[in-house]
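A.B. asks: no sequence for this one, just the structure:
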């Protein structure tokens, strides 16, 4: 029987695999790993919904918007959201400025164009808070 920890571990592993080959992230057609990510998030969203967890709406938003935080690699071991999501060529880690500005984290003096988090779930929960503030999540 799956649990939240199993889904979170699977997402971490899959996204680390995806970011190990960043050229494939931006290429077309989407590689097999991106398809698996979409499917995993959809199943996880259903599981969260069945368990009354509001994070289900975040998983659905991530699938719909094709967004996921950038893994900075093992040397930095951070997961980052970038602020360049307003253009037509935005990348999966790029968020529209209105959302990015509402992300918690990164006090003054840290990089101006991205916000980093110590884990993927922390990055996604920060996004969830920003989306709640903007009322951009479907219930």
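C.D. replies: Ah, there it is. Remember, it's a predicted structure, so these values are computed and weren't measured experimentally.

A.B. asks: how about the helices in the protein?
C.D. replies: With DSSP state H, the ranges of helices along the chain come out as 4-19, 22-26, 32-50, 55-65, 97-100, 120-133.

A.B. asks: quick one: which of the ones you listed is nearest residue 73?
C.D. replies: In terms of Cβ to Cβ, the element of the helices of the chain nearest to residue 73 is helix 4-19, at 7.5 Å. (C-beta placed from N, C-alpha, C; glycine too.)

A.B. asks: Mind listing what's buried along that closest one?
C.D. replies: 7, 10, 11, 14, 15, 18, 19 (16 or more other Cβ atoms under 10 Å).

A.B. asks: just stretch 76-91 next, same as before
C.D. replies: 78, 79, 80, 81, 82, 83, 84, 85, 90, 91.

A.B. asks: wait, which of the residues you listed is closest to residue 35?
C.D. replies: Nearest to residue 35 among those: residue 91, at 17.7 Å, using Cβ to Cβ.

A.B. asks: ok, that closest one to residue 84 distance?
C.D. replies: Separation of residue 91 from residue 84 (Cβ to Cβ, to the nearest Å) stands at 7 Å.

A.B. asks: for the helices of the chain, which one sits closest to residue 114?
C.D. replies: That would be helix 97-100 among the helices of the chain, by Cβ to Cβ, at 8.7 Å.

A.B. asks: Tell me the buried residues in that closest one?
C.D. replies: 99, 100.

A.B. asks: Who are the contact partners of residue 120?
C.D. replies: Counting by Cβ atoms under 8 Å, 6 or more residues apart in numbering, residue 120 touches 8, 11, 12, 15, 69, 71, 79.
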